[in-house]
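1. make a model of this:
(one chain, ligands or ions: 1)
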Amino acid sequence: MTPSPQLSEAAVRTSPAAISSMMQMALANPGLISLAAGFVDQGSLPAEAARRAMEAVLADPVEGRRALQYGTTIGDLGLRTRLIEQLERNERVPAGSFRGAVGRTVVTTGSQQLLYLITEALLDPGDIVLVEAPTYFVFLGVLETRGARAIGVETDEGGLRLDALEATLRDLKARGLLSRVKLLYTISEHSNPTGVSLAEERRGPLVELIKRWSGEQKILILEDAAYRGLTYSGAEPPSVWRHDPAGDTVILARTFSKTFSPGLKTGYGILPETLLEPVLRLKGNHDFGSGHFAQQVLERILVDGTYERHVQELIAVYRRKRDVMLGALEEHLGAWDGAVSWTCPKGGLFLWLSVPEGLDTGPEGPLFARCLEEGVIYVPGALAYAAEPGPFPRNHARICFGVPSEEELNEGARRLAAALAECFDAVA
Ligand SMILES: Cc1ncc(COP(=O)(O)O)c(C=O)c1O
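-> The predicted model follows:
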């Protein structure tokens, strides 16, 4: 028998990706409507705009070869400059306001790599990261790999609750654990999984609160703004990062995966000066620079206005899908008013469904099984909760409205309602 390799502790403690079995189910059963997949709308991927940008990059042989060569670990200066200019427009500040941040901007292989790098730079096993309850479940996996402790903080319709955050920090201090708290992770815009954004009036106070609780041990805020840009009603408030003009407390993570193309797998982070070198050293070990060609393509679409035009088109597509999903839920689940509810996101790709407390939405529970029989799947909400501080709700589901067609959204809601009706009948 061939002996197995002795895996590292990090590999051993890393569980299989919770969602991969669901992806398998969807692939194995073509009739299944997946309200689970967190992909983007296939029909609006910008194939033509990407082709034009790629041709333009390759049109000049010298520039073309440069694009096909390795780049730098931090990312191309040209792209980083454009990213900051675009951020200034997005945050509606005068041109040049954030120029000083170009040198602290790191281009990464999707924002996921940035999230990983930040945890790699900051966390030893046993260190504590405060996360929203619920949060982006893939980030919980990253923390598991690092051996860090994720502690959930209550949220409401305005996102992270600052009173709950302060209570958690007070409790950790009383238990002598404050010095292990390194990071607070927040998804500020149209969160994955709930679709809820952090209320504008909480953003400044959040930064103040974290600064106040940073003693000898600095606590950083990791603002994951993956869905910023995809706002379907109202204006986007200033980011949390904006409330940290000194730039020493908030790390801003952004990505082009949702607003342009996940296939280009390009994101970026703006880091406090103190984190820059450590993160670049680690990134050097990962890949010594993200795909250079994709960076050139992105720079091109930012410069010629393609990107902003595409985002406007995308907003129209997703706004319509969101409205179709909300309409279908109202039509098929509205009769259970009070017992079944859902968030009405102002942007992003997700909404959060809540069913009565006793009804377990987990993969082993009755609703998931009945949904499979009906031919629809969702992501069980329990996956999105940190194990601490204790028992978490099991009666939620993440619904993604970004991928299915309008007909599938309607039919998916109908099947979900049929499965729910069977569960209710079973307990009646
Ligand atoms: C909240 C959040 N953050 C980060 C990411 C990572 O995306 P990417 O690495 O493609 O930028 C995702 C992807 O789904 C996400 O939902």
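
2. hey, let's count contacts and neighbours off CA atoms from now on
-> Will do.

3. so how far is the helix or strand harbouring E330 from its chain's centroid?
-> E330 belongs to helix 306-333 when assigned by DSSP states H and E. Averaging C-alpha positions (C-alpha atoms, centre = their mean, to the nearest Å) puts helix 306-333 18 Å from its chain's average.

4. show me what it is packed against.
-> If you count contacts as 3 or more C-alpha pairs under 8 Å, 6 or more residues apart in numbering; DSSP states H and E, helix 306-333 packs onto helix 406-427.

5. in the helix it packs on, what's buried?
-> 406, 408-420 (16 or more other C-alpha atoms under 10 Å).

6. so how far is it off the chain centroid?
-> 27 Å.

7. how about the buried residues of helix 406-427, which pair is most distant?
-> E406 and L420 (21.1 Å; C-alpha to C-alpha).

8. helices and strands around the helix or strand containing L372, which ones?
-> Using DSSP H and E, L372 sits within helix 366-374. With contacts defined as 3+ C-alpha pairs under 8 Å, 6+ apart, helix 366-374 has these neighbours: helix 406-427.

9. quick one: the helix it packs on to helix 306-333, angle?
-> 30 degrees (axes from the mean of the first three to the mean of the last three C-alpha atoms, to 10 degrees).

10. the least confident helix or strand in the chain by mean pLDDT close to the ligand?
-> When the helices and strands of the chain are scored by mean pLDDT, DSSP states H and E, helix 20-28 comes last with a mean of 75. No: Helix 20-28 stays clear of the ligand (C-alpha under 6 Å from any ligand atom), getting no nearer than 13.4 Å.

11. sheet partners, orientation included, of the helix or strand following that helix?
-> Moving toward the C-terminus from helix 20-28, the first helix or strand encountered (DSSP H and E) is strand 33-34. Looking at strand 33-34 with DSSP bridges, its partner strands are strand 376-377 (parallel).

12. where in the stretch 101-250 of the chain is pLDDT low?
-> Filtered on pLDDT under 70, the stretch 101-250 of the chain yields no residues whatsoever.

13. show me where it has strands.
-> Here the stretch 101-250 of the chain has its strands, by DSSP state E, counting those that start in this stretch, at 105-108, 128-133, 149-156, 159-160, 181-187, 220-224, 250-255.

14. now those as JSON lines including distance to R175 and mean neighbour count?
-> What follows is those, written out as JSON lines (distance: least, C-alpha to C-alpha, whole Å; neighbours: other C-alpha atoms under 10 Å):
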{"stretch": "strand 105-108", "distance to R175": "36", "mean neighbour count": "27"}
{"stretch": "strand 128-133", "distance to R175": "13", "mean neighbour count": "24"}
{"stretch": "strand 149-156", "distance to R175": "14", "mean neighbour count": "21"}
{"stretch": "strand 159-160", "distance to R175": "22", "mean neighbour count": "26"}
{"stretch": "strand 181-187", "distance to R175": "12", "mean neighbour count": "24"}
{"stretch": "strand 220-224", "distance to R175": "20", "mean neighbour count": "24"}
{"stretch": "strand 250-255", "distance to R175": "26", "mean neighbour count": "26"}
